[in-house]
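Engineer: have a look at this prediction, sequence included:
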Amino acid sequence: MPTNPYLNVLLMALFTVIFIIACSYGLGSVARWIVRKRGGSPKNQENTFAGYFFAAPWITGFLIFVLVPLAFSLYWSFTDYRVTSSAPPNWKGFENYQTILFNDAGFRASIINTLYLTVIGLPLQMGVALFLAVLLNQKMKGEKIFRMAFYLPVILGFNTAVLLCWRLMLNTGTGIINQIIRSLSNAFTPISYLNRTVIYVQEIITGFFLGLNTGKYNLLMNILEAGFPADNRVPLWVQSPLWTKMSVIMLMVWGCGAMMLIFLAGLNNIPKELHEAAEVDGATGWQKFWKISFPLLTPYIFYNLVVGLIASLQIFEPIFVLYRDNQPIISSTISMVYYLWQKTFSHFEIGYGSAISWVILVIILIVTVIQFRLQDRWVTYDIY
């Protein structure tokens, strides 16, 4: 093998191209042979060959990068396989799963943290997305600019550079978010009371969830004993375990642009005749939204709910970037997927991590099936 790294890259790329062409031609030939055996016409054989030839790169990639790793992961989940060990994996049966479900306090804590992010964060995310969609559905100047601005976080995503910028903005002392809160609180007394009320309620709720993790509610009792926050209190976004999950929820809400577009498409699909008839009957704007728009938006709400729930159950990047090197508070925000990463790539327990991944998969499947089972009770498809 050549020692020149650039030549190695070129040879690897050439080998990849040749491999893809060979797989495409081979899969297309097999498909054509099957059609020939079934008595297909020459034209049908050529069409089949062309279809599978161009679909083969995706099919090959799915087999190599999805199906094969899934099979290995499933096998490793029943073993004690560790990357750092030279010994072959030992078969443990369902021992890993029993430990995860009944004896692993860390995994139970990650479930509670993920539940917090889902139960509180997802409704806020969907609510803000629906609110923005209703605003953008009004004909006004600069509508396209606002659409681009609200969708820009989706394009930026949860990449490291963006999350590090958020980490600086969320700093308690010098972050721009707390500086704005301080300025508004000093200028307007009602905003100060609102800010302190939000801090008090949020810390009580988070203290209760942290107590569920440990079984001890000392932190919650301390919050209640301290009483209403002082005038100069601001959220401790990345400095306190009481605010770590709320920081992640803020990022979830910030990235609601995709949901907003779905809701906006749903609002545009509602027949205008329904609103015009309601106006003739004297309906107010709220009545038109609640009685007409909202019921007809339920298919779009259901879609965003399914997709958003799956995403919130798999949240990882904000926690990893914001809190990975802050060990005193990282335990307060570890999600299921972060715990999976910790066991697999930090502790190198591949077998145990594989079992965690399959448990998470089963949880997501169960939740999704329940959602589809219950959709007939509240989703309206009649107008469509």
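Structural biologist: Happy to help now that I have it. Quick caveat, the model's predicted, so the values are computed rather than measured.
Engineer: what's the average pLDDT for the one helix or strand residue 278 maps to?
Structural biologist: When secondary structure is defined by DSSP states H and E, residue 278 falls within helix 272-280. Model confidence over helix 272-280 averages 87 on the pLDDT scale.
Engineer: quick check: buried residues in that helix?
Structural biologist: Applying a neighbour-count criterion of 16 or more other CB atoms under 10 Å, one finds 275, 278 buried in helix 272-280. Every C-beta, even on glycine, is put in place using the N, C-alpha and C of the backbone.
Engineer: quick check: which helices or strands does that helix pack against?
Structural biologist: Based on contacts counted as 3 or more CB pairs under 8 Å, 6 or more residues apart in numbering; DSSP states H and E, the elements that helix 272-280 packs against are helix 285-288.
Engineer: next, count neighbours for residue 165.
Structural biologist: Around residue 165 sit 11 other residues, with neighbours defined as other CB atoms under 10 Å.
Engineer: low-confidence stretches in the stretch 51-200 of the chain?
Structural biologist: Per-residue confidence of the stretch 51-200 of the chain (counting by pLDDT under 70) places no residue in a weak region.
Engineer: what about the helices in it?
Structural biologist: 68-76, 95-98, 105-116, 122-136, 143-156, 160-169, 176-187, 189-214 (DSSP state H, counting those that start in this stretch).
Engineer: Serialize these to JSON lines and add fields for distance to residue 268.
Structural biologist: What follows is the helices of the stretch 51-200 of the chain, written out as JSON lines (distance: least, CB to CB, whole Å):
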{"stretch": "helix 68-76", "distance to residue 268": "39"}
{"stretch": "helix 95-98", "distance to residue 268": "47"}
{"stretch": "helix 105-116", "distance to residue 268": "34"}
{"stretch": "helix 122-136", "distance to residue 268": "10"}
{"stretch": "helix 143-156", "distance to residue 268": "12"}
{"stretch": "helix 160-169", "distance to residue 268": "30"}
{"stretch": "helix 176-187", "distance to residue 268": "33"}
{"stretch": "helix 189-214", "distance to residue 268": "34"}
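Engineer: buried ones in the lengthiest helix in the chain?
Structural biologist: Once the chain is assigned using DSSP state H, the helix that runs over the most residues is helix 5-37. Buried positions in helix 5-37, judged by neighbour count with 16+ other CB under 10 Å: 23-24, 27-28, 31-32, 35.
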